[in-house]
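[1] Here you go, sequence then predicted model.
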Amino acid sequence: MNVSAVESITVPATARARPARQNWALYLFVILMPLQNIYLQYVPNLGGGLNFLNLMFLVTLLMALRCGGGLVRGTGVNGWVMLYMLGGVLALMIGVGNVADPSGHGNFLKDQFIAVAFVFLAQMSVTDRVGLQRMFLASLLPLPYMFYVLRDQNATVSAWHYSDHLRISATFMDLGANEMAAFFVTTCLVTLGLLIGARIGWGWRAVYALAATLAGIGVVLSYSRTAYIAILAGLALILLLSKARLKLILPALALLVVLPLLMPPAAVERFDSISIEEGERDESTDSRFVFWEEAVHHFQENPVLGIGFHTFHHAEFSSAEMDVHNFFLRELVEKGLVGAVILLGLIWSVSRLLWRGLAFAAPRSWYGGLVLGLAGAWVALLIGNGFGDRFTHYAMIAHFWLYLGLALRGLQLRYAELEAKPEAERREQGQKPRQQQRNEQRDELGPAT
């Protein structure tokens, strides 16, 4: 694989002695993003688009430009993300003419794009390994407060047997229990990846273990069946890809045996209710099949460009005026085959980035642990999107895009490190010389994006 495919950061010679600039606005934005209960209730909306989300994004973007990190090239991820955003704009224009009341569609797409932009903000703001770890730590700082709110809400509805009254959303004021669960699944798996895959000091290990525990409790108390399946699948992938998988098999099996004993009885009941067999599934699961059938019908009538962004839940297309409850199917029906191809390209580019990161990361490095955990979170996210929308709500998904941006920058820094190694040292470590790698892999990588 071509080590030089991802371009290194170009820093003027006069500035190399200076410490990396910090995007303090992004740190604050990352901390506050999942805390909707704070900024939606207590930060005034001045009108005219001057709300917390828009203003924080503009300030963060300006500071990111000042940091001078630029975008990482050669992976294809940034290009597919940009195409994904352009596809959303096209679908928005199509949808305006297909429903009687398209008000709010543009604002919803804008909010979604702000979350997606975290992948760019991370790359532009972080330029060294210390910055990677600082930004990740910032993403963990809201967890204690989120756990406090979660515990407080759960205490008011707690019951021995499961009922829908247990579905709380903690700090996610505008979202539901499933979206809260998806956020905690991502955080838990990425942090577990660092605990399993990175050689870190006991202090940091304690911090990450606490974060994983708090996020794991959040998943349990969400009573989200999709989240239960997703986190188990993500954890299985992490263990499979880990270099220490043989040592971890027995502890993992022991955890599976003990975990039901530690979970609330209502959570065990909720997990046991998982079924897609006709006649055994509950009303919530059964309704999804109705929505999916309607979505397939509308796709067949509008196969190329779809019915338009954020339109399916309107009365013109949905008899129940509900969302599709399947992100992939919704992309297909609202954006057509064009949008589906773009989404597949994005999924492929992210998957390839994570595979490269695992292949090139130094053994037991912090970056290797990040990519390991992110690979598990990526699989969990894809599974979650099969039964709902876990990809567009800004408060829920912004941290995932942040981690993806950190993975891009980390891969670039790793490539730069390998490029700087003397050829003799590379031969001693059994690595191919750089020129030989370039000649062998030039065609695979293709043009930089």
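    Sure thing, it's come through. Computed from a predicted model, the values in this text were never measured in an experiment.

[2] what about the one residue sitting closest to the centre of the chain, which helix or strand?
    The centroid of the chain falls nearest to residue 400 when counting by Cα atoms, centre = their mean (2.5 Å). Assigned by DSSP states H and E, residue 400 belongs to helix 394-420.

[3] Can you list the buried residues in that helix?
    The neighbour-count check on helix 394-420 (16 or more other Cβ atoms under 10 Å) flags 394-415, 417-418 as buried. All C-beta spots, glycine's among them, are computed from the backbone N, C-alpha and C.

[4] wait, isn't the residue nearest to the centre of the chain in contact with residue 377?
    Yes. With contacts counted by Cβ atoms under 8 Å, residue 400 reaches residue 377, the gap being 6.8 Å.

[5] Quick check: neighbours shared by the two?
    Residues touching both residue 400 and residue 377 (Cβ atoms under 8 Å, 6 or more residues apart in numbering): residue 186.

[6] can you list contacts of whichever strand or helix holds residue 124?
    Assigned by DSSP H and E, residue 124 belongs to helix 118-125. Helix 118-125 has contacts (Cβ under 8 Å, 6+ apart) with 22-23, 26, 29-30, 60-61, 63-65, 67-72, 77-78, 81, 131, 135, 398-399, 401-402, 404-406, 408-409.

[7] pLDDT at the residue nearest to the centre of the chain, what is it?
    Per-residue confidence (pLDDT) for residue 400: 98.

[8] now do residue 188
    pLDDT, residue 188: 97.

[9] ditto for residue 418
    Value for residue 418, per-residue pLDDT: 88.

[10] Would you check that residue 267 makes contact with residue 218?
    No. Between residue 267 and residue 218 there is no contact under Cβ under 8 Å: 11.9 Å.

[11] re earlier: who are the contact partners of the residue nearest to the centre of the chain?
    Per Cβ under 8 Å, 6+ apart, neighbours of residue 400: 186, 377, 381.

[12] show me what contacts residue 370?
    Counting by Cβ under 8 Å, 6+ apart, residue 370 has contacts 132, 136, 190, 193, 194, 198, 403, 406, 407, 410.

[13] how close does it get to residue 41?
    According to Cβ to Cβ, to the nearest Å, residue 370 stands 33 Å off from residue 41.

[14] and what of residue 260?
    Relative to residue 41, and taking Cβ to Cβ, residue 260 is found at 37 Å.

[15] ditto for residue 113
    Taken as Cβ to Cβ, the span from residue 113 to residue 41 is 24 Å.

[16] Comparing the two, which residue is more hemmed in?
    residue 113 (16 against 8; other Cβ atoms under 10 Å).

[17] Tell me, how many residues neighbour the closest residue to that one other than its chain neighbours?
    With sequence-adjacent residues excluded and distances taken as Cβ to Cβ, 6 or more residues apart in numbering, residue 113 is closest to residue 85, at 5.8 Å. Using other Cβ under 10 Å, residue 85 has 15 neighbouring residues.

[18] right, and residue 85 touches residue 116 too?
    Yes. Contact status for residue 85 versus residue 116: in contact at 6.3 Å, counting by Cβ under 8 Å.
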